[in-house]
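Student: what would the 3D arrangement of this be:
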Amino acid sequence: MTYVLQRSAYYLSLFFGIILFSFVLFHAVPTDPARVMLGPNAEEAQVSALRTKLGLDKPLSTQFATYLGDVAKFNLGTSYVDGRNVRTEVGGKLAVTLLLILLSLALTLVYIGISIGIEILGIRKLGEFTDFLWVSFPTMFSGLLVALLAAHYYPFTTFSGAFTRSADYLYLLPPAFVLALYPMAVLSRIIRAEIVKIRRSQFILAARARGLSEWEVLRKHVLKNALIPFLAALSNQIPILFTSTFIVEIIFSVPGIGSLLVRSLLQRDFPMLEGIVILNGLVVILVFMVFELIYPMVDPRIRVSHAS
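Tutor: Coordinates of the predicted model:
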């Protein structure tokens, strides 16, 4: 319980830092939000009145306190451009992005399973070659290549705007594959290197000497001990996936958070940008918290070391 409270307090402070960062970023940009909303031809009196209505004439400390209270109530405001609710808009786009990331993780885990099988069968050169192949392609290049192939040969190239049919999910497979290439290569290398190192350990020789079969040694000792570094590496890939998905979404015209980010930047829609930063940060923090809870279940020594 102490371990959970310690980690929760840490991630809560991290989320507070994200909120502070988004607030500072918003006020550091030399742009008047009231002028953005009313347009360049608005009269100064109108701009001043709107600035007062938005509370932009108050001290920064007062503005931050109000902003923090709104975020605590999950009120992220409305768009400066068209009045859309930020939470609803960002949440809807983020759902598409999360589904894309989940599909890419599913493809990654399938590849990891195949890679482990290749390592166990002793076909190491094949695994090393495929890992090198995947990691050699930059996301931009592989995305463009797969997009061109999908446009000519893949039958599911349209999205209805809502996941109401199976074709909408199949539409996300090519971008999910592109998104999965880098983590597939990195995680495959890590898990195979850990398996090789553990299989040469003394306690594995002792387990074999006790009469355990190769399958029991693999299942009870090798894979279990290789799981912690694999999970640590997997958790580190999550922020990379969120970054890469912006590029992939633009290439494949996926209506996710990436397209919303680009549009909001071009329109200087600061509430929407703040909502993207906060909700993305919240999702990443929740993912890290889940991993922090999984680690002690796999290896109880982690909980003991944190407690001490």
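
Student: every contact and neighbour count from this point should use C-alpha atoms.
Tutor: OK.

Student: low-confidence ranges in this structure?
Tutor: Scanning the chain for pLDDT under 70 picks out 1, 3, 29-32, 35-36, 38-39, 161-162, 298-308.

Student: following element in sequence after the longest helix anywhere in it, please.
Tutor: Longest helix in the chain, counting residues (DSSP state H): helix 86-120. Later in the chain than helix 86-120, the nearest helix or strand by DSSP states H and E is helix 124-136.

Student: could you check the angle helix 86-120 makes with that following helix?
Tutor: 150 degrees (axes from the mean of the first three to the mean of the last three C-alpha atoms, to 10 degrees).

Student: show me what counts as buried in helix 124-136.
Tutor: For helix 124-136, burial by neighbour count (16 or more other C-alpha atoms under 10 Å) applies to 127-128, 131, 134.

Student: what is the subsequent helix or strand relative to that helix?
Tutor: helix 139-153.

Student: can you give me the angle that next one makes with helix 124-136?
Tutor: If you take the same axes, to 10 degrees, helix 139-153 sits at 100 degrees to helix 124-136.

Student: please save the CA atoms from helix 139-153 in PDB.
Tutor: Taking Å, rounded to 0.1, in the frame of the first residue of the first chain, the C-alpha atoms of helix 139-153 are listed here in PDB:
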ATOM      1  CA  THR A 139       8.700   6.500 -39.700                       C
ATOM      2  CA  MET A 140       8.200   9.100 -42.400                       C
ATOM      3  CA  PHE A 141       9.700   6.900 -45.200                       C
ATOM      4  CA  SER A 142       8.000   3.700 -44.100                       C
ATOM      5  CA  GLY A 143       4.700   5.600 -43.700                       C
ATOM      6  CA  LEU A 144       4.800   7.000 -47.200                       C
ATOM      7  CA  LEU A 145       5.800   3.600 -48.600                       C
ATOM      8  CA  VAL A 146       3.000   1.700 -46.900                       C
ATOM      9  CA  ALA A 147       0.500   4.400 -47.700                       C
ATOM     10  CA  LEU A 148       1.300   4.100 -51.400                       C
ATOM     11  CA  LEU A 149       1.000   0.300 -51.300                       C
ATOM     12  CA  ALA A 150      -2.300   0.500 -49.300                       C
ATOM     13  CA  ALA A 151      -3.800   3.000 -51.800                       C
ATOM     14  CA  HIS A 152      -3.200   0.600 -54.600                       C
ATOM     15  CA  TYR A 153      -3.700  -2.800 -53.000                       C
END
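
Student: need the three-state assignment for F74.
Tutor: coil (DSSP: H, G, I helix; E, B strand; the rest coil).

Student: tabulate the buried residues of helix 124-136 (JSON lines), appending distance to F288.
Tutor: Below are the buried residues of helix 124-136 laid out as JSON lines (distance: C-alpha to C-alpha, whole Å):
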{"residue": "G127", "distance to F288": "29"}
{"residue": "E128", "distance to F288": "29"}
{"residue": "D131", "distance to F288": "26"}
{"residue": "W134", "distance to F288": "26"}
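
Student: what's the neighbour count on L50?
Tutor: A count of neighbours around L50, defined by other C-alpha atoms under 10 Å, yields 18.

Student: before we move on, what about E44?
Tutor: 12.

Student: quick one: residues contacting it.
Tutor: Contact analysis of E44 by C-alpha atoms under 8 Å, 6 or more residues apart in numbering lists nothing.

Student: re the thing from before, and the buried residues of helix 124-136, which is closest to A209?
Tutor: G127 (29.6 Å; C-alpha to C-alpha).

Student: which one is that closest one nearest to, not counting chain neighbours?
Tutor: Ranked by C-alpha to C-alpha, 6 or more residues apart in numbering and with sequence neighbours excluded, the top spatial neighbour of G127 is S115, at 6.1 Å.

Student: go on, Y111?
Tutor: M184 (6.6 Å).

Student: just confirm that neighbour contacts V110, I think it does.
Tutor: No: in this structure, M184 is not within contact of V110 by C-alpha atoms under 8 Å, at 9.2 Å.

Student: who has more neighbours, those two?
Tutor: For M184 versus V110, neighbours defined as other C-alpha under 10 Å are more numerous around M184 (25 against 12).

Student: ok, the more buried one - contacts?
Tutor: 108-109, 111-112, 131, 134.

Student: mind putting those residues into JSON lines with distance to K197?
Tutor: Formatted as JSON lines, these follow (distance: C-alpha to C-alpha, whole Å):
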{"residue": "T108", "distance to K197": "22"}
{"residue": "L109", "distance to K197": "21"}
{"residue": "Y111", "distance to K197": "21"}
{"residue": "I112", "distance to K197": "17"}
{"residue": "D131", "distance to K197": "18"}
{"residue": "W134", "distance to K197": "23"}
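
Student: thanks a lot, see you next time.
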